[in-house]
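# pasting the sequence and the predicted model now:
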Amino acid sequence: MSEHVFDLDGRRYRFDGLGALLAAATPHRSGDALAGIAAASAEERAVAQMALAELPLATFLEEPLIPYEEDEITRLILDRHDRAAFAPVASLSVGEFRNWLLSERADGESLGRLAPGLTPEMVAAVSKLMRVQDLVLVGRKCEVVTRFRNTIGLPGRLSTRLQPNHPTDDASGIAASILDGLLYASGDAVIGINPATDNTSTVVTLLKMLDEVISRYEIPTQSCVLTHVTTAIEAIERGAPTDLVFQSIAGTEAANRGFGIDLALLREGREAALSLNRGPLGNNVMYFETGQGSALSANAHHGLDQQTLEARAYAVAREFEPLLVNTVVGFIGPEYLFDGKQIIRAGLEDHFCGKLLGVPMGCDVCYTNHAEADQDDMDMLLTLLGAAGCHYIMGIPGSDDIMLNYQTTSFHDALYLRQVLGLRPAPEFEQWLESSGIYRHAQGIAFDRELPPRFQHVLGSRGTTELPS
Amino acid sequence: MKESQPSAAGEALTVTNPWQRLRELTDARIGLGRVGGSLPTSAQLAFQLDHARARDAVHMTLDTERLMPALDRRFPLALRLHSRAIDRDEYLRRPDLGRQLSADAEQELAAITSEPCDVSICVVDGLSARAIHEQAIPFLDAALPEIDRLGLSLGPVALVEQGRVAIGDPIGEALKARMSIVMIGERPGLSSPDSLGLYFTWAPRTGRRDSERNCISNIRPRGLKYANAARLLAYLMREAQALGASGIALKDDSEGDSQLGDGRQGNFLLLPE
């Protein structure tokens, strides 16, 4: 392990290895303090950032943070590294790389070519030297586009995952939230249910129901039941109409083992989904969720800071060409991200790191009730992510997930963001919203008290006063 | 929610949603209506109230003075213990301390020379003291007869402040219990600030993993009913004795057909047009 030293004003600062330097340089996080690896003082943090700025980017190729022999994610990162793509920045230090990213030389095209030449450690390192506005600006420059039944990530677009969760997976309860979401113009990223149980027959049933809704109403979107990849494979074997295979992933082999997965299993899940050949526009069939702190909570962090480990999870994601990846930034709780300030910055770091690595990043802008955060904090992160070109956010009735017991963004939140930043839904979905009389760009929701024709029958044949039986 | 009477002018700005009455089908906040694309004032204020209640539940202090006499009446011995986390702030930042007993608590437990028992019950504030205040005693009154019917002996009950689930392990171990039940205030949801969770562990001892426990969640009047939760718990206790284990080895065996049918029954989105 190499010691990193930095001399300033006659004092010598020592950092015991690359991992320790990164941890000391990272903006304050309760999770890093919990792990006992955070900078001891504000000054040490600032000095660590100076030392990190002088470090050649190429160091990360020579000095793996977790040994090659011990961790399959390290092997994935180094084996997949593209030296030719790395060439334009190969001679730069981390600090110079920040300048390069902010300069005119970095645009959508050059960043797209560079992505296979970057490793998670490089992008995590440079993010630690960046302010929020830098994270927004560079994130916005990146262009990553994915396709299944529609096109996600085009410039000027903002998609939403319709998340119709119900604590007992009740079909009618789920349907009520789906209807609410569709009529508030939500659901182009995916209609994705977190089931209350991992029971395979329940998962199969929910997949059939979503498939029928999507085909009955001819909605250009995809469905997903967010269950363990092994359950998804079993559901596919039982003939369930599966669009996307989901999995939570992390940045170390040991943390992934805690999730009950490895790279081989993810490959198997992807092949199962591809075998169904259900995407008319593209073959991006995976949906991943991540979040800072997951490795520490699995006691699998190898003494590394949570933000660097999170970036490593994106190397796992990009291996499988996903349609959607989102950090569930505020879900994990205050022992990892204590308050709104930490959650906001973490969300922007995650978006930046993912995009720079070529991953189609969305964000679950969220918090739990034991974190020091509220709706105002979420509005700030939401607005900043909109400016940063985030692919998608969640959409849930009134921000309240009654199954997972946390608060995420509402259907109304997406309407707000589209309104203030002029963002549009995915093009195929936008056309469906317009032809259905639900929503029109720059105008907003296109109907008042009377339901659009396509949906009038759902409230009963006699108009608007009866519950469906 | 209290509905104020809006003026005609205010009313005209708000677009209401006719599907609001589908709220009979779900607790989700559907059909909130809109002003432009935004949340109407009444829905915004209702959200703020619910968030305030959930926040208060997290920071509420466990009322041990009120709970101890109620526990004394129901158990051979009731202990009042504290975790190593000094206050709520430390509890939130340091989950590891919430899993360990304070030095005083360790001493108190060591001084007890009770016989081995079948069941150790811990009542723990967790993330919602309110859940314990409202659900703990009624749940115990449903569960204790079930435990009695199984012919199992009760050890001392422990009321624990600033505790996490795993604190039941050193307690059960010290009390020489064959199994441990931790009743704990769950992380409050916006619509459920009062939800009690149960964690069942066979052969409790420090270092047990979460995968070695079974959980029964969402116990509250508007969620899982006390009697149903008590029956589920009795099922777990019976099966664990047969298996000699809890956790993933002891799966809910309802692997058969899901209760959803094909997802179309009662699903108004999929009715014939």
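Structure's in. What do you need?

# ok, longest helix in chain B?
Ranked by residue count under DSSP state H, the longest helix found in chain B is helix B:129-149.

# that one: which residues count as buried?
In terms of neighbour count (16 or more other C-beta atoms under 10 Å in any protein chain shown), helix B:129-149 has its buried residues at B:129-137, B:139-140, B:142-144, B:146-147. Every residue, glycine included, has its C-beta placed from N, CA and C.

# give the contact list for the residue lying closest to residue A:147 once chain neighbours are set aside.
Nearest in space to residue A:147, with sequence neighbours left out and distances taken as C-beta to C-beta, 6 or more residues apart in numbering or on different chains, is residue A:282 at 2.7 Å. Contact analysis of residue A:282 by C-beta atoms under 8 Å, 6 or more residues apart in numbering or on different chains lists A:146-148, A:151, A:323.

# name the member of those residues with the most neighbours.
residue A:323 (27 neighbours; other C-beta atoms under 10 Å in any protein chain shown).

# neighbours around residue 170, how many?
The chain I'm using is chain A. Neighbours of residue A:170 (other C-beta under 10 Å): 17.

# not quite, go with chain B.
Per other C-beta under 10 Å, the neighbour tally for residue B:170 reads 21.

# do you know how far it is from residue B:245?
Per C-beta to C-beta, to the nearest Å, residue B:170 is found 20 Å from residue B:245.

# close to chain B: what parts of the stretch 201-350 of chain A are there?
The stretch 201-350 of chain A comes close to chain B at residues A:201-202, A:205-206, A:208-209, A:212-213, A:216-217, A:333-335, A:338, as judged by C-beta under 8 Å from any C-beta of the partner chain.

# just the buried ones from the residues you listed, in ChimeraX syntax?
Command for ChimeraX, covering only those of these found buried under the criterion 16+ other C-beta under 10 Å:
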select /A:201,202,205,206,208,209,212,213,217,333,334,335,338
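
# closest to chain B out of the residues of the stretch 201-350 of chain A next to chain B?
Set against chain B, the nearest of these by C-beta to the nearest C-beta is residue A:209 (3.2 Å).

# hmm, back to that, kindly present the residues of the stretch 201-350 of chain A next to chain B as a markdown table, with separate columns for pLDDT and secondary structure.
Formatted as a markdown table, those follow (pLDDT from 0 to 100; DSSP: H, G, I helix; E, B strand; the rest coil):
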| residue | pLDDT | secondary structure |
| --- | --- | --- |
| A:201 | 90 | helix |
| A:202 | 90 | helix |
| A:205 | 94 | helix |
| A:206 | 96 | helix |
| A:208 | 96 | helix |
| A:209 | 96 | helix |
| A:212 | 96 | helix |
| A:213 | 97 | helix |
| A:216 | 96 | helix |
| A:217 | 97 | coil |
| A:333 | 94 | coil |
| A:334 | 96 | coil |
| A:335 | 96 | coil |
| A:338 | 97 | coil |
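
# between all of the residues of the stretch 201-350 of chain A next to chain B, which two are separated the most?
Using C-beta to C-beta, those span at most 45.3 Å, a distance reached by A:216 and A:338.

# can you give me the helices in the stretch 351-469 of chain A?
Along the stretch 351-469 of chain A, the stretches classed as helices by DSSP state H, counting those that start in this stretch are A:375-388, A:411-421, A:427-435.

# correction: the stretch 101-250 of chain A
A:108-114, A:120-127, A:132-141, A:171-183, A:200-216, A:229-237.

# also the stretch 1-150 of chain B?
Using DSSP H, counting those that start in this stretch, the helices of the stretch 1-150 of chain B run over B:8-13, B:41-59, B:64-72, B:88-93, B:95-98, B:103-111, B:129-149.

# so which of these gets nearest chain A?
helix B:41-59 (4.0 Å).

# what comes into contact with that closest one?
For helix B:41-59, contacts defined as C-beta under 8 Å, 6+ apart pick out A:369-370, A:374-375, A:398-400, A:407, B:1, B:3-4, B:29, B:32-33, B:35, B:39, B:88, B:127-131, B:185, B:188-191, B:193-194.

# ChimeraX command to pick out the buried ones of these?
In ChimeraX, this line selects whichever of the contacts of helix B:41-59 come out buried by 16+ other C-beta under 10 Å:
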select /A:369,370,374,375,398,399,400,407 /B:29,32,39,88,127,128,129,130,131,185,188,189,190,191,193,194
